[in-house]
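*Asks:* show me the folded form of this:
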Amino acid sequence: MVRSMTGFGRGVTTTKKFQLTVEIRAVNHRFLELNTKFPREWMEAEVLAKKMLSDAVSRGKIDVIIFLKELKDAEQTIQINWPLLNAFLRAKEELAQSVVMEEKWTMQEIVSLEQVLQIEKMELEQTQILEAVHIALTEAIANLLAMREREGGQLQQVMLQYKAELETEIAQIRTHAPVAVDKYRERLVNRLQDIASGQVIEDRLLTEVAIFAERIDITEELDRLESHFGQLVETLTEQNAIGRKLDFIMQEMNREINTIGSKNQSTICSAAVVQAKTILEKMREQVQNIE
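*Replies:* Predicted coordinates for the structure are as follows:
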């Protein structure tokens with residue numbers, strides 16, 4: 001199965017105290033790079049998240065972000081900072097000795113004192129955190145993989161279309177490659193007729209043509225390209241990560257086409273080689289998106 005390296009997935013879980021959202025964003029990368037942003041006290045959950053992600057994906061730059069929202073109906077606790085409140089009281093009494101002030105404290109006055117009343121931070125047990133992260137992350141990973149597979153299916157169709165176009169160009173090269181030998185033989189006959197007798201011309205002609213035909217022979221390269229086409233189709237149906245394997249096949253195909261271009265420089269073959277290299281470059285760009 002072809003899977004793209006780009007994708008997005010979100011997972012949400014809700015407990016009695018909070019709602020946890022996990023978002024995963026994935027882009028292309030040569031290897032697997034995991035970037036997670038968890039609170040410092042959530043280190044165990046962060047390790048769990050990295051393990052789950054490394055089991056689910058093989059390549060790509062993965063960013064994981066979590067959002068924690070405390071529920072409004074969750075129980076809230078406010079702590080009174082008594083040492084600070086007593087310090088304010090002593091300061092007020094000291095000021096009252098020099099400045100005329102009301103001795104009575106109002107609730108509004110106390111609430112306005114900075115840091116005297118503090119909302120107690122919600123404390124979560126590790127088991128709650130791990131369970132919530134596991135549930136939300138499982139959903140986020142499933143959504144990420146689904147998106148990657150949808151895009152992978154499109155990439156597979158594009159690759160097969162490019163393969164068909166490339167095969168057309170290679171077939172044209174195979175058809176016109178022998179023409180180069182015939183044209184070389186014709187040019188050689190015209191040049192040797194002026195400097196030697198008929199028997200000598202034929203012997204030298206055969207030797208020269210044989211050497212030339214051997215030098216420009218591209219049969220092996222064309223056969224290897226046919227083999228690479230078969231490997232490409234097989235690889236596109238494999239279930240594991242195939243990006244690196246496809247990249248290697250593209251390199252081998254590029255090598256064969258370059259060799260063909262350097263050996264056979266007839267007009268038609270040269271044009272077909274240029275077109276084939278253009279198509280292959282598009283295929284290599286698409287392969288960079290495949291996991």
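*Asks:* from residue 69, how far off is residue 13?
*Replies:* Residue 13 sits 11 Å away from residue 69, going by C-beta to C-beta, to the nearest Å. All C-beta spots, glycine's among them, are computed from the backbone N, C-alpha and C.
*Asks:* typo on my end, residue 159
*Replies:* Residue 159 is 43 Å from residue 69, where distance means C-beta to C-beta.
*Asks:* likewise for residue 240?
*Replies:* Distance from residue 240 to residue 69, by C-beta to C-beta: 38 Å.
*Asks:* so who does the residue nearest to residue 145 when sequence neighbours are not counted touch?
*Replies:* In space, and not counting its chain neighbours, residue 145 is closest to residue 56: 6.5 Å by C-beta to C-beta, 6 or more residues apart in numbering. Residues near residue 56 by C-beta atoms under 8 Å, 6 or more residues apart in numbering: 141, 144, 145.
*Asks:* if we go to 10 Å?
*Replies:* By C-beta atoms under 10 Å, 6 or more residues apart in numbering, residue 56 lies in contact with 9, 24, 62, 137, 138, 140, 141, 142, 144, 145, 148.
*Asks:* just the buried residues out of these, in ChimeraX syntax.
*Replies:* Listed next is the ChimeraX selection for buried residues among those, using 16 or more other C-beta atoms under 10 Å:
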select :9,24,62,137,140,141,144,145,148
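*Asks:* could the contacts of residue 56 be laid out in CSV, adding secondary structure, pLDDT and distance to residue 218?
*Replies:* Formatted as CSV, the contacts of residue 56 follow (DSSP: H, G, I helix; E, B strand; the rest coil; pLDDT from 0 to 100; distance: C-beta to C-beta, whole Å):
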residue, secondary structure, pLDDT, distance to residue 218
9, strand, 97, 47
24, strand, 97, 48
62, strand, 96, 44
137, helix, 97, 53
138, helix, 97, 53
140, helix, 97, 51
141, helix, 97, 48
142, helix, 97, 49
144, helix, 97, 45
145, helix, 96, 43
148, helix, 95, 39
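*Asks:* and the helix or strand containing residue 109, what does it pack against?
*Replies:* Counting by DSSP states H and E, the element that carries residue 109 is helix 107-112. Other elements packing on helix 107-112 under the criterion 3 or more C-beta pairs under 10 Å, 6 or more residues apart in numbering; DSSP states H and E are helix 82-96.
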